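Visitor: Kindly generate the corresponding structure for this input.
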Amino acid sequence: MLAGMVLAELLLAGSIGTTADAAEEPATSGGAAAFRRLTEVQYQQSIEDIFGAGIRIPGRFEPPLRSEGLLAVGDSKVVVTPSGFEQYELRARAISAQVLAADRRKTVVPCDPPSSNSFDEACASRFLSHYGQLLYRRPIEDDELRSVLSVARAATQQAGDFYQGLQFGLSRLLVSPNFLFRVETAAAAPGIGAAGRLDDYALATRISFLLWNAPPDAALLGAAASGELGQISGLEKQVDRLIASPRFELGIRAFFSDMLGYEQFDGLSKDPAIFPKYTSQLSKDAQEQSLRTIVDLLVTRKGDYRELFTTKRTFLNRNLGALYHVQVGNEAFGGWMPYSFSASDPRAGILTLAAFLLQDPTHEGRSSPTIRGKTVRELFLCQKIPPPPGNVDFKLVQDTHNPLYKTARERLTAHRDNPTCAGCHSITDPIGLGMENYDAIGEYRIRENGALIDASGTFEGKPYRDVMELEQILHDSPRVPSCLAERAYEYGVGRTVAPGEREWIKYLNQRFAREHYALPALMRIVATSVAFRTVASNTLAAN
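Guide: I've put the predicted structure just below:
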């Protein structure tokens, strides 16, 4: 009852327009407005978008935090340590010095001061308010501008150099939480007691980082300023523009890199004595192959997301051709070539690509069916698997030279005799054992220690003989696309789904199915929904 009133009052208040889709969308209680730290990539992209290419960004970034399956959720929980803040300050000074260097300042400063030795408030105000809006992703407020102008004025007077003063003012903007964090503001919508909505600038930022993994451009900020984003026709126009842009590919790469946990490749290693083909470059190539495959299917061809588990189409370079025992053409020796695995090739779908098979940072010398099965459950089915008890003895599983248990299946079967371990292993191992024909770097094999590998199993009551038959079952499972839809929404809002949003998630899954599981359509539904900008009432007072 209350949810229906929320949507009706939003429509009457003019916060959104009316379309058939908006009318059928169930209203939600909303969730908390987010306060998310920019990732290293988002920081770098922001600097390039705002100041142009060629700005060197020094220093180290503090590591991200994965929470509830996504870095995008963890971004709202991280804090900046004193050491991290010191890095931000050093970085801000270095960036400001480059932006206002003699060979660049004419392109970024919109005016000429009467004297470069004294402070010109009008010129400084134009410069700092312009870049303040771009960095803060909203208009800079009067008191914020006065504060940064005072810094620039003091620095100019001390150094006797107007541009030196602008450097200090710009540095102040670059270390502000309003830049380093995506600070979302919201207010109660007219006539609504239970929920409110993000303001148009916060919505523009959400949309832009969801679709481009970058700050809003001038056109999107202009739509926020004019009120265009408050009307469904204007909102749809902007979302369609962003999805049609080549930058949408970058946004999709960022989303899947997060969803698939690709930050775990940093520092990944494999035993070179066992896997001489493995190099750090192979690890990078594997990620790139996976992302190219995803973009080609889901963005370029606007295909069915479920086909990601069965497609034979991919891309290869020289390193991956050697790993897959595939002869590649000349174009793959210095780059990438499109490639389709033959019908008889034991590869199809994302679970047979090296990026998935490599991604185990805990085992350098062997594959782990348990880790692989856990990864499928968590990444593609949104099922959380608890960690093992602290006192479990893994010696039997880890002993790959045990003559009594030659294969991983035999070792895990013996390990599961421990009742403490049986519960979780029964959930993860059948899936992971289906991938045992691929070793720890993704090379195909039919034997382990001379014994034939049995890759058969059962999932959702359906038997399979190998991973490709398992992938077909995953393709047909409704859990797979529903997990993607939920992840896309959580990635966009920076938090897990709230209890009062469950009915809306069901609606999202239904809409996704009606769109034949096309990813651009899913992102459009999320970005243009009322739910995407709805904020819970208990967070309004803080905004």
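
Visitor: Can you name the helix or strand that residue 469 falls in?
Guide: Secondary structure assignment for residue 469, by DSSP states H and E: helix 467-476.

Visitor: between the next helix or strand after that helix and helix 467-476, how big is the angle?
Guide: As assigned by DSSP H and E, the chain's next helix or strand after helix 467-476 is helix 479-493. Angle, helix 479-493 to helix 467-476, by axes from the mean of the first three to the mean of the last three CA atoms, to 10 degrees: 60 degrees.

Visitor: What helices and strands are in contact with helix 479-493?
Guide: Contact partners of helix 479-493 among helices and strands, from 3 or more CB pairs under 8 Å, 6 or more residues apart in numbering; DSSP states H and E: helix 71-74, helix 200-211, helix 247-259, helix 369-380, helix 502-514, helix 519-528. The way it works is simple: take the backbone N, C-alpha and C, and place the C-beta from them, glycine included.

Visitor: Would you mind telling me which of those is nearest residue 102?
Guide: With CB to CB as the measure, helix 247-259 is the member of the helices and strands packed on helix 479-493 nearest residue 102 (31.6 Å).

Visitor: so what's residue 137 closest to, chain neighbours aside?
Guide: Leaving aside its sequence neighbours, residue 137 sits nearest to residue 205 (CB to CB, 6 or more residues apart in numbering; 4.8 Å).

Visitor: Surely that neighbour is in contact with residue 215?
Guide: Yes: in this structure, residue 205 is within contact of residue 215 by CB atoms under 8 Å, at 6.9 Å.

Visitor: Now do the shared contacts for the two.
Guide: Here residue 205 and residue 215 have residue 137 as joint contacts, going by CB atoms under 8 Å, 6 or more residues apart in numbering.

Visitor: In contact with the residue nearest the centre of the chain, which residues?
Guide: In the chain, the centroid-proximal residue (CA atoms, centre = their mean) is residue 255; its distance is 3.1 Å. Shown in contact with residue 255 (CB under 8 Å, 6+ apart): 210, 213, 488, 491.

Visitor: Looking at those, which is nearest residue 149?
Guide: Nearest to residue 149 among those is residue 213, at 32.1 Å by CB to CB.

Visitor: Against residue 256, how distant is the closest one?
Guide: Residue 213 sits 11 Å away from residue 256, taking CB to CB, to the nearest Å as the criterion.

Visitor: List the residues that contact residue 444.
Guide: 324, 325, 346, 347, 437, 438.

Visitor: Can you tell me who it pairs with across the strands?
Guide: Beta-bridge pairing of residue 444, defined through DSSP bridges, involves residue 438.

Visitor: ok, it to residue 325 distance?
Guide: For residue 444, the distance to residue 325 equals 7 Å [CB to CB].

Visitor: and if you look at residue 470?
Guide: 22 Å.

Visitor: When the two are compared, which one has more neighbours?
Guide: More neighbours surround residue 470 than the other of residue 470 and residue 325, with 27 against 9 (other CB atoms under 10 Å).

Visitor: so what are the domain limits for the chain?
Guide: 1-34+202-244+494-543, 35-182, 262-476 (automatic domain parsing).

Visitor: What is the distance between the last one and the centre of its chain?
Guide: Counting by CA atoms, centre = their mean, to the nearest Å, domain 262-476 is centred 22 Å from the centre of its parent chain.

Visitor: Between the two ends of it, how far is it?
Guide: End-to-end distance of domain 262-476: 25 Å, with CA to CA, to the nearest Å as the criterion.

Visitor: any weak-confidence spans in the chain?
Guide: Applying pLDDT under 70 to the chain flags the ranges 1-23, 189-194, 389-397, 399, 414-424, 538-543.

Visitor: could you pull out the strands for the stretch 51-200 of the chain?
Guide: 181-183, 186-188, 195-198 (DSSP state E, counting those that start in this stretch).

Visitor: what helices or strands is the longest one leaning on?
Guide: Identification of packing neighbours for strand 195-198 by 3+ CB pairs under 8 Å, 6+ apart yields strand 186-188, strand 534-536.

Visitor: List the strands paired with it, with their directions.
Guide: Here strand 195-198 is paired, per DSSP bridges, with strand 186-188 (antiparallel), strand 534-536 (antiparallel).

Visitor: Only the C-alpha atoms, please, for it, written as CSV.
Guide: Extracted in CSV, the C-alpha atoms of strand 195-198 (Å, rounded to 0.1, in the frame of the first residue of the first chain):
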residue,chain,number,x,y,z
ALA,A,195,11.0,7.9,0.9
GLY,A,196,12.8,10.6,-1.1
ARG,A,197,15.0,10.8,-4.1
LEU,A,198,18.5,11.7,-5.1
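
Visitor: buried sites along that strand?
Guide: Neighbour-count burial for strand 195-198, counted by 16 or more other CB atoms under 10 Å, picks out 195, 196, 197, 198.

Visitor: How about stretch 43-62?
Guide: Within stretch 43-62, judged by 16+ other CB under 10 Å, the buried ones are 43, 45, 46, 47, 49, 50, 51, 55, 61, 62.

Visitor: If I take the helix or strand hosting the third one and helix 200-211, what angle do their directions form?
Guide: In this case it means residue 46. Per DSSP H and E: residue 46 is located in helix 40-51. Orientation check (the same axes, to 10 degrees): helix 40-51 against helix 200-211 gives 120 degrees.

Visitor: helices and strands around helix 40-51, which ones?
Guide: Helix 40-51 sits against helix 82-99, helix 121-136, with contacts defined as 3+ CB pairs under 8 Å, 6+ apart.

Visitor: do you know which of those helices lies nearest residue 274?
Guide: helix 82-99 (37.5 Å).

Visitor: What is the closest one packed up against?
Guide: helix 40-51, helix 162-174.

Visitor: Contacts only, for residue 473.
Guide: 459, 460, 462, 464.

Visitor: nearest to residue 32, of those?
Guide: Comparing the contacts of residue 473 against residue 32 with CB to CB picks out residue 460 as the nearest, at 34.6 Å.

Visitor: Make sure that closest one is actually in contact with residue 477.
Guide: Yes: between residue 460 and residue 477 there is a contact under CB under 8 Å: 6.1 Å.

Visitor: Of those two, which one has the most company?
Guide: residue 477 (18 against 10).

Visitor: rewinding a little: mind putting the helices and strands packed on strand 195-198 in JSON lines, distance to residue 119 and mean neighbour count included?
Guide: Formatted as JSON lines, these follow (distance: least, CB to CB, whole Å; neighbours: other CB atoms under 10 Å):
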{"stretch": "strand 186-188", "distance to residue 119": "37", "mean neighbour count": "17"}
{"stretch": "strand 534-536", "distance to residue 119": "41", "mean neighbour count": "25"}
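
Visitor: want to throw the ones you listed into JSON lines with distance to residue 170?
Guide: Formatted as JSON lines, the helices and strands packed on strand 195-198 follow (distance: least, CB to CB, whole Å):
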{"stretch": "strand 186-188", "distance to residue 170": "29"}
{"stretch": "strand 534-536", "distance to residue 170": "32"}
